[in-house]
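1. Okay, here's the prediction I keep looking at, along with the sequence it came from:
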Amino acid sequence: MEICYSPLAGKAVNLDQVQDEMFSQRMLGDGMAVQPEAREIYSPVAGEITMVYETQHAIGIKTEGGNEILLHIGIDTVMLNGTPFDTQVQVGDHVQPGDLLTIVDWNYIKEKGCDTIVPILAINHKVKLLKSKGTVKPGEALFEIEA
């Protein structure tokens, strides 16, 4: 059993509420989303960075238990070509919960008409939500990954 912690400060949002079917229909996996209130995004788990998308809007982490976690920073932010992201990690880096992954310019994302919500997914797994609403802080338990 592994716990995924909140990677950022903000408001917990159920995936059902995310305005993108890929996430709301759980096509990639189950999880949670956070509406951001701070610019820093931290690692939600201990593991290895397996993917930093070229446009820096998505980061993949393989947990120590072998689960894949995807952080998708905003909706349609792939079109911004990396401009609002100051990514601090690269593929192969080992991270612990709370290690800084990236710093985001949310105002730029809003100016370009994109949604700032951050889905956090356990790829191809179901999760048990530990926090379903309200404010979350970085490091607060969001969900448990089911075996």
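-> In hand now; what should we look at?
2. Now do the buried residues in stretch 56-73.
-> By 16 or more other CB atoms under 10 Å, the buried positions in stretch 56-73 come out as 56-63, 67-73. Backbone N, C-alpha and C define where each C-beta goes, glycine included.
3. what's the most distant pair in the residues you listed?
-> By the measure CB to CB, Gln56 and Asn67 form the most distant pair in the buried residues of stretch 56-73, at 22.4 Å.
4. Now do the lengthiest helix in the chain: which elements does it pack against?
-> Using DSSP state H, we find that the single longest helix of the chain is helix 106-111. Helix 106-111 sits against no helix or strand, with contacts defined as 3 or more CB pairs under 8 Å, 6 or more residues apart in numbering; DSSP states H and E.
5. can you tell me which of the buried residues of stretch 56-73 lies nearest to Gly82?
-> Relative to Gly82, the closest of those is Gln56; by CB to CB it sits at 4.3 Å.
6. distance of that closest one from Met22?
-> From Gln56 over to Met22 the distance is 18 Å, taken as CB to CB, to the nearest Å.
7. again with His94
-> Counting by CB to CB, the separation of His94 from Met22 is 28 Å.
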